[in-house]
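Trainee: Below are the sequence and a predicted model for it; my questions follow.
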Amino acid sequence: MSNEILLLASFILDLIFGDPPLLFPHPIALIGKLIEKTESIFYEDNKLNGIIFVIFNVIVVYVSIEVLLKIFFLLNVYINFLLSSILLSFTISLKSLHFETLKVYNALKNNNLNLARQELSLLVSRDTNELEEKDIIRSVIETISENFTDGIVAPIFYFAIGGLKLAFIYKVINTLDSMIGYKNERYINFGYFTAKLDDILNFIPARIAGFLTVISAFLLRYDFKNSFRIMLRDKNNTDSPNSGWTESAYAGALKVQLGGPTPYFGVWYDKPFIGDEFENLSLKHIKKSYYLLYLSSILFLILTLTFLTVIKS
C-alpha cells in the first residue's frame, strides 16, 4: 500500500477513535514511560549527559518501530496495512486534542470553575489554581494553537519525508521536550539539547501551521487579514521560536488577546501579549478555535497527500 493511502487511513482512524482505551499501552505513553524510567540512569547536571539520553531514547524507539514493521511485513498484506495505519495514527493527536480541551470547555459551560482548572492542569505546565475564566479560555486557545503544530502538522510532515520511523523519532523528541525541556534548576543543562532539537524539528512545521491558520481563517470568514497581520507582528512574543506563529495567527483570526501574565511554580510571569483585544475572551472563541483546528488539519492533509502523489509520479 502507498504512503498516501496509509496516511489517509491513519488520519481517518484518528478522527474516529482518537486515543481510545486500549488493551495494551499507547505507544506514546510507552515512550513517556521509557523516558521516565531511564532518566535516573543518565541524569547528570550537564549537557553531554542530556545528549546521550536523547540519543539512547531515539535508538530504542527506532529499533522498536523497525522490529514492529518487519513483523507486520511477515503478515497478510491487509493486516500489515491495518496495523501500520493504527501505529501511524498514534502519532496524530487531532481528536484527542479536541476531546481533552473539550473537558475544560464543558466545565466552564456548566459554571464549574474548579473542575475547569483541574482539567486544564492535565494539559498545561502553568499553575491553574488561581486562574479565572478568561485566563482558562486563553490557556485552552493557546493549547489548541500550539498543539496544532506538534500534534498534527509535525508528525505528518516527518512521515511525508521519512516514513513511519521518522514520525516516531519526532514524537520521541517532542515527548522528551515536554518532560525535560524546562529551564528550571534540574533541567537547564540536562534538557538543553532536547529543547533545542525540538525547536529545530518544529521550525518548518510551525510556519506551515501558521500560514494554514490564516488560510483557514479566510475560508471560515474569520478576520484573516488581522490573522496575517498579528502573526507577522507577534510571532516572536513567546519563549519558543515556533509556538508564536500559530498562537498569533489564532489570536488575530479570533480578534482576541493571548499571552500576558501567567503563573508558573507559584510565580506570575509577565509574558508578552499576543494580538489585540477587539473582543473579550469567551467560550465562543474556543468553539471557533476548533473550526480553525479541523479545517487547517484537513488542508494540511490534502497538501501532504498531493506532495506524496507528486514525488511518486
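Mentor: That came through fine. Everything quoted here is computed from the prediction, not taken from an experiment.
Trainee: What about the spatially closest residue to Asp223 that is not a sequence neighbour, how many residues nearby?
Mentor: Spatial nearest neighbour of Asp223, chain neighbours left out: Lys255 (5.6 Å); criterion: C-beta to C-beta, 6 or more residues apart in numbering. Bear in mind the C-beta positions are built from the backbone N, C-alpha and C, glycine included. Using other C-beta atoms under 10 Å, Lys255 has 18 neighbouring residues.
Trainee: Phi, psi for Lys255 please.
Mentor: Here is the backbone geometry of Lys255 (degrees, to the nearest 10): phi 60, psi 40.
Trainee: Please renumber the chain so that the first residue is 429 from this point on.
Mentor: All right, first residue 429 from here; so that's Lys683.
Trainee: Helix or strand: which one has Lys699?
Mentor: strand 695-702 (DSSP states H and E).
Trainee: and whichever helix or strand comes after that strand, what does it pack onto?
Mentor: For strand 695-702, the succeeding helix or strand toward the C-terminus, using DSSP H and E, is helix 711-740. For helix 711-740, the packing partners by 3 or more C-beta pairs under 8 Å, 6 or more residues apart in numbering; DSSP states H and E come out as helix 431-445, helix 522-537, helix 561-576, helix 582-608, helix 631-647, helix 671-682.
Trainee: Below-threshold pLDDT in this protein: ranges please.
Mentor: Applying pLDDT under 70 to the chain flags the ranges 429, 451.
Trainee: please redo it, this time with the cut-off set to 80
Mentor: 429, 448-453, 693, 741 (pLDDT under 80).
Trainee: returning to that earlier point: quick one, which of the helices and strands packed on helix 711-740 is packed in tightest?
Mentor: For the helices and strands packed on helix 711-740, the largest average neighbour count (mean count of other C-beta atoms under 10 Å) is found in helix 671-682, namely a mean of 30.
Trainee: who touches the helix or strand that that helix is followed by?
Mentor: Helices and strands here follow DSSP H and E; after helix 671-682, the next one along the chain is strand 686-692. Outside strand 686-692, the residues that touch it by C-beta atoms under 8 Å, 6 or more residues apart in numbering are 553-555, 558-559, 566, 569-570, 662, 665-666, 675-676, 678-679, 696-703.
Trainee: let's see 10 Å
Mentor: For strand 686-692, the external contacting residues (C-beta atoms under 10 Å, 6 or more residues apart in numbering) are 552-559, 563, 565-567, 569-570, 573, 610, 612, 658, 662, 665-666, 672, 675-676, 678-680, 696-703, 705, 709, 713.
Trainee: List the strands paired with that strand, with their directions.
Mentor: The pairing partners recorded for strand 686-692 under DSSP bridges are strand 695-702 (antiparallel).
Trainee: Could you quantify the relative orientation of the strand it pairs with and helix 671-682 as an angle?
Mentor: Counting by axes from the mean of the first three to the mean of the last three C-alpha atoms, to 10 degrees, strand 695-702 lies at 60 degrees to helix 671-682.
Trainee: Convert the C-alpha atoms of stretch 653-662 to PDB, please.
Mentor: Taking Å, rounded to 0.1, in the frame of the first residue of the first chain, the C-alpha atoms of stretch 653-662 are listed here in PDB:
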ATOM      1  CA  LYS A 653      -6.300  39.900   7.400                       C
ATOM      2  CA  ASN A 654      -5.900  40.500  11.100                       C
ATOM      3  CA  SER A 655      -4.700  36.900  11.500                       C
ATOM      4  CA  PHE A 656      -1.900  37.500   9.000                       C
ATOM      5  CA  ARG A 657      -1.000  40.900  10.400                       C
ATOM      6  CA  ILE A 658      -0.900  39.700  14.000                       C
ATOM      7  CA  MET A 659       1.100  36.600  13.000                       C
ATOM      8  CA  LEU A 660       3.800  38.700  11.400                       C
ATOM      9  CA  ARG A 661       3.800  41.200  14.200                       C
ATOM     10  CA  ASP A 662       3.600  39.000  17.300                       C
END
